[in-house]
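S.K.: for reference, the sequence and a predicted model appear below.
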Amino acid sequence: MQIKLEEPNEKQMLFLKDKHKHVGFGGARGGGKSWAIRFKAVVLCLNHSGIKVMIVRKSYPELTENHIKPLKSMLFVGTPGSPAKYNDSKKEMTFLNGSSILFRYCDTEKDVDRYQGTEVDVLFLDEATQLSESQIKKIIACVRGVNEFPKRIYYTCNPSGQGMGYIKRIFIDRKYELGEYPDDYSFIQSLVTDNKALMKSNPDYIRQLEALPPKLRDAWLNGRWDVFEGAYFEEFRATPDPIECESAGITVEQALDEHRWTHVIKPFEIPVEWKIYRSYDWGYGKPFSCAWWAVDYEGCAYRILELYGCTSTPNEGVKWSNKEQFDRIQQIEREHRWLKEKKVRGVADPSIWDGSHGISAAEEADKHQLWFEPGINDRIPGWMQVRERLKFDENGKAMMYFFENCKAIIRTMPLMMFDEHIPEDLDSDLEDHAVDECRYFCMSRPLAPRIIKNKVKPEIDPLDQFNQNERFDRAIYRRT
């Protein structure tokens, strides 16, 4: 039997030939990602005897429609002369030469438990950004074995999803942590315009993408990783909005200097009269986050310093114990010119008073003479306070800014997304530790909703909404 495979396009060919240990592919919708996975998996299995390949997606229905059915059709599975057989109970396709493709899904953290003991030579994570960083890392642990076949992990991805922060870091930003080696990573961007077969068979698809809302269009059509639909803190701006700057008659550089239409600013010397606050989020086996805030005479908050790391659990890399955290926090407050000889008011995650894991974090903090008040842990009101501070007034001024040295919150705040089940909340499975302690701080100094001034009245106002009393106007224009 002869199996005829379609000719790959230029970007797919780069993907097929790439020999890095970690290969990212895609970055937009319609780039031919799933086809490239199927092609690569089949070619590897047909040409190398006895290897194991695994394809993973978030859900089993997606796995079936995108890979199992197309591969069974491609290889004529079930007909005489086919080079492969498919076992539906095992979700495994076996080739005559002993190679095989395993099909697995991973919807929740518990699903990862099914991967214990699995060993594969090649792993394909299709739509990897739909998985969490924890899920991705645990599944990657399956790529091992004693044979000499080079171990590879392939990721296809779009700019969105709970794993976007991790995928963006390793492939787009190329910022690596201990144990990650830059030379192991390669990324190939593929847009819908690179997929000639799709453009020919469905020329209207690109028009469908062009008709999407601006943020979604930039992500899915243009492959933009810095904007995506579903961002929880849409108000957050790392740089000034050029459109707002133009309407105000200033340049982006002037806006930066004047702290307008941006939340990330250059550090400046803190006046000695400003009050200093410390916010802290603790997690057992998860990153902790500590930040220091300076509050000016008008109540505007500036995040001036932060300390970000991970608490201790066995066998999970380099960690900080509670003592190490508070040693470092104490040292910063004793030595930093903005903090030393200042009375620092502390607010913290209420869980630090939990002693179920031994001596509580609060007890350890007390030993270091670091005092905290329990933070108000009402999530929805807390997020409303964060967003209230992020909002710009008519002059482009906010009530909360981040010094550019505060990398953790600047990196993670744009990645927060809405919870699928509680629309008013953000997804707590994401890396939310820095924004959590930001929430505790904001709830310790809540702001009343601000009123947007200088609203332009419409030419047509049939309901006479703009001529009501002052109280009614405030109700209409109050920022919520």
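M.R.: All right, it came through fine.
S.K.: now do the domain split for this structure, please.
M.R.: Structurally, the chain divides into domains by automatic domain parsing as follows: 10-220, 242-444, 454-480.
S.K.: can I get those domains in JSON lines including mean neighbour count and distance to Y232?
M.R.: Yep, even glycine has a C-beta here, placed from its N, CA and C like the rest. Formatted as JSON lines, the domains of the chain follow (neighbours: other Cβ atoms under 10 Å; distance: least, Cβ to Cβ, whole Å):
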{"stretch": "domain 10-220", "mean neighbour count": "18", "distance to Y232": "12"}
{"stretch": "domain 242-444", "mean neighbour count": "17", "distance to Y232": "4"}
{"stretch": "domain 454-480", "mean neighbour count": "10", "distance to Y232": "15"}
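S.K.: for S186, give its distance to L221.
M.R.: Distance, S186 to L221, using Cβ to Cβ, to the nearest Å: 23 Å.
S.K.: actually R303, not the one I wrote
M.R.: Taken as Cβ to Cβ, the span from R303 to L221 is 34 Å.
S.K.: can you give me phi and psi for R303?
M.R.: For R303, the backbone dihedrals (degrees, to the nearest 10) come out as phi -80, psi 110.
S.K.: so it touches A398, yeah?
M.R.: No: the pair R303 and A398 does not pass the contact test of Cβ atoms under 8 Å, sitting 11.8 Å apart.
S.K.: give the contact list for I206.
M.R.: G30, V192, T193, M199, L221 (Cβ atoms under 8 Å, 6 or more residues apart in numbering).
S.K.: which of these fall in helices?
M.R.: M199 (DSSP state H).
S.K.: how about the strands in the stretch 151-300 of the chain?
M.R.: Here the stretch 151-300 of the chain has its strands, by DSSP state E, counting those that start in this stretch, at 152-157, 185-189, 264-265, 275-281, 287-295.
S.K.: what comes into contact with the shortest one?
M.R.: If I follow you right, that is strand 264-265. By Cβ under 8 Å, 6+ apart, strand 264-265 touches R237, A238, T239, L256, H259, Y302, Y401, F402, F403, E404, I410.
S.K.: possible to save the residues you listed as a markdown table with distance to K343 and pLDDT?
M.R.: What follows is the contacts of strand 264-265, written out as a markdown table (distance: Cβ to Cβ, whole Å; pLDDT from 0 to 100):
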| residue | distance to K343 | pLDDT |
| --- | --- | --- |
| R237 | 32 | 91 |
| A238 | 32 | 90 |
| T239 | 34 | 89 |
| L256 | 32 | 91 |
| H259 | 26 | 93 |
| Y302 | 17 | 98 |
| Y401 | 22 | 98 |
| F402 | 23 | 98 |
| F403 | 21 | 97 |
| E404 | 26 | 95 |
| I410 | 27 | 93 |
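S.K.: and the two most separated of the residues you listed?
M.R.: T239 and Y302 (17.5 Å; Cβ to Cβ).
S.K.: need the contact partners of stretch 348-356.
M.R.: Outside stretch 348-356, the residues that touch it by Cβ under 8 Å, 6+ apart are 279-283, 360-363, 365, 372-375, 377, 436-437, 440.
S.K.: give the contact list for T412.
M.R.: Listed by Cβ under 8 Å, 6+ apart, the contact partners of T412 are G165, L430, E431, D432, H433, A434, V435.
S.K.: redo that, cut-off 6 Å
M.R.: Neighbouring residues of T412 by Cβ atoms under 6 Å, 6 or more residues apart in numbering: E431, A434.
S.K.: next SSE after the strand or helix carrying it?
M.R.: Applying DSSP states H and E as the criterion places T412 in helix 407-412. Remark: after helix 407-412, the chain's next helix or strand is helix 433-444, criterion DSSP H and E.
S.K.: could you give the angle of that next one to strand 287-295?
M.R.: Counting by axes from the mean of the first three to the mean of the last three Cα atoms, to 10 degrees, helix 433-444 points 40 degrees away from the direction of strand 287-295.
S.K.: export helix 433-444 to CSV, keeping only CA atoms.
M.R.: Extracted C-alpha coordinates of helix 433-444, given in CSV (Å, rounded to 0.1, in the frame of the first residue of the first chain):
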residue,chain,number,x,y,z
HIS,A,433,0.4,35.4,43.5
ALA,A,434,1.6,39.0,42.8
VAL,A,435,-1.9,40.2,42.0
ASP,A,436,-3.2,38.5,45.1
GLU,A,437,-1.0,40.5,47.4
CYS,A,438,-1.7,43.6,45.3
ARG,A,439,-5.4,42.9,46.1
TYR,A,440,-4.7,42.7,49.8
PHE,A,441,-3.0,46.1,49.7
CYS,A,442,-5.8,47.7,47.7
MET,A,443,-8.4,46.4,50.2
SER,A,444,-6.4,47.8,53.1
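S.K.: compute the inter-axis angle for it and strand 275-281.
M.R.: Going by the same axes, to 10 degrees, helix 433-444 makes 130 degrees with strand 275-281.
S.K.: please shift the residue numbers so they start at 25 in all later answers.
M.R.: Done: numbering now begins at 25, and the last item shifts to helix 457-468.
S.K.: just checking, what packs against helix 457-468?
M.R.: strand 299-305, strand 311-319, helix 403-414, helix 431-436 (3 or more Cβ pairs under 6 Å, 6 or more residues apart in numbering; DSSP states H and E).
S.K.: closest one to F39 among these?
M.R.: helix 431-436 (27.5 Å).
S.K.: which residues touch stretch 37-45?
M.R.: By Cβ under 6 Å, 6+ apart, stretch 37-45 touches F49, A60, K64, D208, S210, I212.
S.K.: in those, find the pair that's most separated.
M.R.: Based on Cβ to Cβ, the longest span within the contacts of stretch 37-45 runs between A60 and D208 and measures 19.8 Å.
S.K.: got the phi and psi for F49?
M.R.: Main-chain torsions, F49, degrees, to the nearest 10: phi -140, psi 130.
S.K.: any stretches of the chain with poor pLDDT?
M.R.: In the predicted model of the chain, residues 25, 55, 236-240, 250-254, 308-309, 335-342, 381, 447, 475-504 satisfy pLDDT under 70.
S.K.: which residues does the most centrally placed residue in it contact?
M.R.: By Cα atoms, centre = their mean, the chain has its centre lying nearest to G189, at 3.0 Å. Taking Cβ under 6 Å, 6+ apart as the criterion, G189 is in contact with L439.
S.K.: same thing but 8 Å
M.R.: E157, R435, T436, L439, L454, E455.
S.K.: what's the farthest-apart pair in these?
M.R.: Across those, no pair lies farther apart than E157 and R435, at 12.9 Å, counting by Cβ to Cβ.
S.K.: can the contacts of I230 go into a markdown table with extra columns for distance to L70?
M.R.: Formatted as a markdown table, these follow (distance: Cβ to Cβ, whole Å):
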| residue | distance to L70 |
| --- | --- |
| G54 | 27 |
| V216 | 29 |
| T217 | 30 |
| M223 | 29 |
| L245 | 35 |
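S.K.: and the furthest pair within the contacts of I230?
M.R.: M223 and L245 (12.8 Å).
S.K.: overlap of the contact sets of these two?
M.R.: Contacts common to M223 and L245, judged by Cβ under 8 Å, 6+ apart, are V216, I230.
S.K.: which residue of the protein lies farthest from its centroid?
M.R.: Most distant from the centre of the chain: P104, at 47.2 Å, with distances by Cα atoms, centre = their mean.
S.K.: any idea how far N346 lies from S313?
M.R.: 14 Å.
S.K.: how near is P398 to S124?
M.R.: Separation of P398 from S124 (Cβ to Cβ): 54 Å.
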